[in-house]
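[1] Here's a sequence, model it:
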Amino acid sequence: MEPQWETLDSGPQVVQAVAEQLAPDNEVALASPSPEPSPQPVPRPENHLTQAASDLPPGSKVAAGTVSGAGVGTTEADLPPARVPPSVRLLYTVKALSKGANTQGSGRLDWSHDGQTYQASLTAKILFFTVMSQTSTGRLSDKGIAPERFTDSRRSGRAAHFERSTGKIRYSNNAPDAALLPGAQDRLTVNFQLSALFNARPDAYSEGQTLRLPVSSHDLAEVWLFRVGPTSHQTLPAGEIVTRQLTRSPRKEFDRKVDIWLAPAMAHLPVRLRITEPSGDFLDMQLEELPQLPALEKPLHP
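    Numbers count the residues shown, from 1 in each chain. Now for the predicted structure:
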């Protein structure tokens, strides 16, 4: 069924502003704007990760098993165990604030796998505008998700290709290659990899710890820092749900704040995603209805 949506106290111009200003730089699942591809072949220097060990917020403790610094020296064997959530379709109510105007729409997050390979997609719409449209495909292991191809349809279908044979992430818009680090995710699968880490060892990640995950958009690789927050009750359109909050705080000028709420009773799936701009504008996706999920196997212990 095609999701329905509406706007609140806004016209098409405001909705278009939401689509243009909030969507392209969505830090959870959207890629940053980038220049048009050069008509001539260009050299492909290394795309270096931009986070280092010294970038940790004061007083932060890195969760055991997540990558160190920029990920250099980490091997696949060093990664923590992960147990991906079952296949599911999640429907969201989408709320946004842009230039003082409130808007509302709908979103859908699809996750499907057979235990060896997966497919994932994320879409969100406000009025007639698509503000999110991303897909990811790849493989699974006991370490979680191993993306092979990530696309952002709002960026002219630009893609990131995770080439394990060469140890590189290659980009279709001629952006510099990036090193393919163990445990690397794309901006869509990072949501499910966080679920997988908590499913495997729910007691291993305590409040105040920081998880480091290498994450690639359609043209850039970084190490993202997620600070583990408290357990809380979220009142969502789907009802009241107990959640664990993870926050990626701004670290550079123009960075967005990203909050993700995982639901332990729902295989730690993301029941709420909120992206806040430096201006205070935001995009907020809240679970609209409870999905039917099979029971997970007994979690691993740290």
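[2] for P81, what are its contacts?
    By CB atoms under 8 Å, 6 or more residues apart in numbering, the residues touching P81 are D142, K143, A200, R201, L300. C-beta: built from backbone N, CA, C; applies to glycine.
[3] And the strands in the stretch 151-300 of the chain?
    In the stretch 151-300 of the chain, the strands defined using DSSP state E, counting those that start in this stretch lie at 158-163, 168-171, 177-179, 185-186, 209-216, 221-236, 239-248, 257-263, 269-276, 282-287.
[4] Out of the contacts of P81, which end up buried?
    Neighbour counting by 16 or more other CB atoms under 10 Å classes K143, A200, R201 among these as buried.
[5] Please tabulate the contacts of P81 in TSV, including the columns pLDDT and distance to F162.
    As requested, the contacts of P81 are arranged in TSV below (pLDDT from 0 to 100; distance: CB to CB, whole Å):
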residue	pLDDT	distance to F162
D142	93	18
K143	94	14
A200	95	22
R201	93	25
L300	49	25
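[6] Just name the closest of those to V242, please.
    For the contacts of P81, the minimum distance to V242 (CB to CB) is 18.1 Å, reached by R201.
[7] Not counting its own residues, what contacts the helix or strand harbouring A96?
    Following DSSP states H and E, one finds A96 within strand 88-98. Applying CB under 8 Å, 6+ apart, the contact partners of strand 88-98 are 3, 5, 14, 17-18, 21-22, 102-111, 124-126, 131, 237, 267, 269-271, 273, 280-289, 291, 293.
[8] Check which strands are paired with that strand and give the direction for each one.
    Each strand paired with strand 88-98, and its direction, by DSSP bridges: strand 101-113 (antiparallel), strand 282-287 (antiparallel).
[9] What distance do you get for the nearest residue to R158 once chain neighbours are set aside to S206?
    Spatial nearest neighbour of R158, excluding adjacent residues (CB to CB, 6 or more residues apart in numbering): H218 at 4.3 Å. Look at H218 and S206: by CB to CB, to the nearest Å, they are 34 Å apart.
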